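Asker: compute the structure for the input listed below.
(one chain, ligands or ions: 1)
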Amino acid sequence: MDRYLVFGHPVRHSKSPFIHTLFARQTQQELEYGLAEPAIDEFAHALQVFFAQGGKGCNVTVPFKEQAFTLVDRLSPRAKRAGAVNTIKLTDDGVLLGDNTDGAGLVADLKSHGVTLADSRILLLGAGGAARGALAPLLAELPSELVIANRTHAKAQQLAAEFCDLGPVTAQTYEQLAVSFDLVINSTSASLQGELPPLAPALIHTDIAIYDMMYGASDTAFISWAKQHGARQTMDGLGMLVEQAAEAFTVWRGIRPGTKQVLRELKRNLGVI
Ligand code: ATR
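Answerer: Reported below is the predicted structural model:
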C-alpha cells in the first residue's frame with residue numbers, strides 16, 4: 001500500500017492522519033498515512049530513510065519546514081516563494097519535489113467562508129514563516145492593499161520588500177495602523193504563549209472579517225478578543241488545515257478530495273460541534 005506520513009516535532013496531536021484517511025476513503029484511494037517525530041537533528045536522515053523504504057510522499061510541519069526546503073531535489077514556484085516546504089512528493093522519475101500548500105489552503109478557506117479578497121484591504125499580523133507562506137497566494141487574489149504589521153518592524157519591512165513585485169504590499173508598525181481594513185489575518189504565534197498581538201481595539205468594526213491561523217477546541221485568544229470588540233465574522237485555522245491537506249492530497253494523488261464533510265468530522269472529533 002502507498003505510504004505517506006507527516007514529519008513534525010511534536011507531532012503526536014497532528015490531525016493530518018485523520019484528515020488524509022478520510023480523504024482516501026472518500027476518493028477510494030489505497031494508502032496509509034502515519035506520523036514521524038524524529039529528533040530535531042535527525043530529520044534529514046529520517047526523511048531519506050522514509051523514501052528509501054518506499055514512501056510516496058509526506059507532509060512536513062513545525063519545526064522542519066525550512067529544513068525540508070533545503071533537502072528536496074526540486075521546488076515548486078510557490079515553495080520557492082514561501083521559503084518553506086510542507087509537502088513532498090516522490091515523482092515517478094525518482095525526484096523529491098518540495099511544495100507548499102499552506103497559502104493555497106488559507107485562500108481556499110477564506111473563499112469557502114465567503115470572504116472577498118479582490119479589491120479588499122488586508123492586514124496581515126506577523127512576519128514569520130506562516131506570514132511568508134501566505135503572501136504570494138493572497139496577493140494573487142488582487143487585494144487593493146496588503147499591510148504587514150509585526151512586533152519586530154524590520155521583519156515586516158523585509159517581507160514587504162521581498163514581495164512588493166507581486167502586489168501592493170507595505171509594512172506598518174502596530175501604532176501606525178489606521179481603521180480601514182476589511183480583513184485581519186493573524187499569523188503570529190502569540191496565542192501559543194496565551195498572548196495577543198498588540199492591535200488597537202479601534203481597528204475592529206462590525207464589517208471586518210477576522211481570521212486566526214491558530215485553532216483550538218474553543219475560541220483562540222485573538223478571536224475572543226475580536227468578538228469582544230464587535231467583530232461579527234471570525235474564522236479559525238481549522239479550515240486552512242483541511243484545505244492545505246486537500247491541496248497536498250491533490251499533489252500526491254492527482255485527485256481533489258472534498259473538504260466540507262471532512263471539516264465537519266474533524267470538528268466533531270475535536271469536540272467543537
Ligand atoms: P511561524 O512559522 O508560525 O510564523 P515564526 O516564524 O516563529 O513562526 O514567527 C512567529 C511570528 O509571531 C513572528 O512574526 C513574531 O513576531 P516577532 O518577529 O516580533 O518575533 C510573532 N509573535 C510571536 N509572539 C508574539 C506576541 N506575543 N505578540 C506579537 N507578535 C508575536
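
Asker: for the ligand, what are the nearby residues on the protein?
Answerer: Contacts of the chain with the ligand, taken as C-beta under 6 Å from any ligand atom, map to 126-131, 150-152, 155, 187-190, 193, 195, 197. Quick note: C-beta positions are derived from backbone N, CA and C, even for glycine.

Asker: try it again with 5 Å
Answerer: Proximity of the chain to the ligand (C-beta under 5 Å from any ligand atom) is limited to residues 126-130, 150-152, 155, 188-190, 195, 197.

Asker: now, the most widely separated pair of these?
Answerer: The two members of those with the most space between them (C-beta to C-beta) are G129 and E195, at 18.2 Å.

Asker: pull the CA atoms of the helix or strand encompassing A104 into PDB?
Answerer: Element membership for A104, per DSSP states H and E: helix 102-112. Only the C-alpha atoms of helix 102-112 are listed here, as PDB (Å, rounded to 0.1, in the frame of the first residue of the first chain):
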ATOM      1  CA  ASP A 102      -0.300  26.400   3.200                       C
ATOM      2  CA  GLY A 103      -1.100  29.700   1.500                       C
ATOM      3  CA  ALA A 104      -3.400  28.000  -1.000                       C
ATOM      4  CA  GLY A 105      -5.100  26.400   1.900                       C
ATOM      5  CA  LEU A 106      -5.600  29.700   3.600                       C
ATOM      6  CA  VAL A 107      -7.100  31.300   0.500                       C
ATOM      7  CA  ALA A 108      -9.400  28.400  -0.200                       C
ATOM      8  CA  ASP A 109     -10.700  28.500   3.300                       C
ATOM      9  CA  LEU A 110     -11.200  32.300   3.200                       C
ATOM     10  CA  LYS A 111     -13.200  31.800   0.000                       C
ATOM     11  CA  SER A 112     -15.200  28.900   1.400                       C
END
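
Asker: pairing partners for whatever helix or strand comes next after it, with directions?
Answerer: Downstream of helix 102-112, the next assigned helix or strand under DSSP H and E is strand 121-125. Its sheet considered, strand 121-125 pairs with strand 145-149 (parallel), strand 183-186 (parallel) by DSSP bridges.

Asker: my read is that S16 contacts V60, right?
Answerer: No. With contact defined as C-beta atoms under 8 Å, S16 does not count as touching V60 (10.5 Å).

Asker: and those two? which has more neighbours close in?
Answerer: A side-by-side neighbour count of S16 and V60, using other C-beta atoms under 10 Å, places V60 first with 27 against 23.

Asker: and the nearest residue to that one once chain neighbours are set aside, how many neighbours does it have?
Answerer: Beyond its immediate neighbours in the sequence, the residue positioned closest to V60 (C-beta to C-beta, 6 or more residues apart in numbering) is A68, lying 4.3 Å away. By other C-beta under 10 Å, 25 other residues sit near A68.

Asker: A68 belongs to a strand?
Answerer: No. Counting by DSSP: H, G, I helix; E, B strand; the rest coil, A68 is located in no strand; its state is helix.
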